[in-house]
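Chemist: Coordinates only, no sequence provided:
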Ligand code: PXP
């Protein structure tokens, strides 16, 4: 199972001060050194965290796979064709949302998605669709010409004990259907150091996209060292 690290929240911290640090590119290179097989960023319409310069720098510097999550808009298609990431992941985007709230409705937007996929393929860019674990969404993903699906694990991550197993089964079923249709199957959203284990055991899923829990842990496991470094500078 490959891990792709979403570094959006390194940029969130930088943008909280409109400062120069922390630098998302540095986080990406460290993630790669630690074994990440891909770097994911979400370039939002409002540019609330990742900026255009970030995707350009990442494109030049990282050695693994650059995956940019984006909405199905002509503005984003333009950015993708200019930056040329290895992969784009199409996601729904509501301006006020705190994070991606659900999968893309590939059924309702079939024409626009197929169009977007065609434009990316003409430029040699792979396309993954972030979808809820529903058979009709997976089926339409295949019909749109996409190369991969990323199954939304958000509902599983939020499920209580009563529905957790059921949500996990929906992910496993969607993953099997995806593979049967010849799609590469990825998954992500809301995964952490506890709930990742069961998703990681689903053989059909080849890659997980994980962001928040990794950046959150990085802030805490790095705290002691960061304070020691400052105390050492102060000399007492
Ligand atoms: N996959 C998609 C499509 C996302 O939008 C996000 C959040 O940006 C993730 C995965 C990662 O989710 P999390 O930050 O909860 O690990």
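Modeler: Alright, I've got the coordinates. Keep in mind that what you see is a predicted model, and the values were worked out from it rather than measured.

Chemist: Only C-alpha atoms from now on, for both contacts and neighbour counts.
Modeler: OK.

Chemist: Could you name the helices and strands sitting against the longest helix belonging to the chain?
Modeler: Longest helix in the chain by number of residues (criterion: DSSP state H): helix 161-180. Secondary-structure packing of helix 161-180 (3 or more CA pairs under 8 Å, 6 or more residues apart in numbering; DSSP states H and E): helix 135-143, strand 148-152, helix 154-158, strand 184-188.

Chemist: Would you mind pulling the contact partners of that helix?
Modeler: If you take CA atoms under 8 Å, 6 or more residues apart in numbering as the criterion, helix 161-180 is touched by 133-135, 138-139, 149, 151, 153, 155-157, 159, 184-185, 198-199, 202, 204-205.

Chemist: cool, stretch 102-115 as well?
Modeler: Applying CA under 8 Å, 6+ apart, the contact partners of stretch 102-115 are 72, 90-92, 129-132, 136-137, 140-141, 144-146, 151-152, 154.

Chemist: change it to 7 Å
Modeler: 72, 91, 92, 130, 131, 132, 137, 140, 141, 144, 145, 152 (CA atoms under 7 Å, 6 or more residues apart in numbering).

Chemist: Quick check: end-to-end length of it?
Modeler: Using CA to CA, to the nearest Å, the end-to-end distance of stretch 102-115 comes out at 21 Å.

Chemist: what about that stretch, distance to the chain center?
Modeler: 18 Å (CA atoms, centre = their mean, to the nearest Å).

Chemist: ok, now stretch 203-219?
Modeler: Averaging C-alpha positions (CA atoms, centre = their mean) puts stretch 203-219 9 Å from its chain's average.

Chemist: Check for me that residue 79 belongs to a helix.
Modeler: Yes - assessed with DSSP: H, G, I helix; E, B strand; the rest coil, residue 79 lies in a helix.

Chemist: any idea how far it lies from residue 93?
Modeler: Residue 79 is 16 Å from residue 93, by CA to CA.

Chemist: Show me which positions of the longest helix of the chain end up buried.
Modeler: Buried residues in helix 161-180, counted by 16 or more other CA atoms under 10 Å: 164, 167-179.

Chemist: Tell me what angle it forms with helix 135-143.
Modeler: 30 degrees (axes from the mean of the first three to the mean of the last three CA atoms, to 10 degrees).

Chemist: Next, the angle strand 184-188 makes with helix 161-180.
Modeler: Computed by the same axes, to 10 degrees, the angle between helix 161-180 and strand 184-188 is 160 degrees.

Chemist: what's the angle between helix 161-180 and strand 148-152?
Modeler: 180 degrees.

Chemist: how near is residue 124 to residue 112?
Modeler: 19 Å.

Chemist: Over to residue 148?
Modeler: Taking CA to CA, one finds residue 148 at 17 Å from residue 112.
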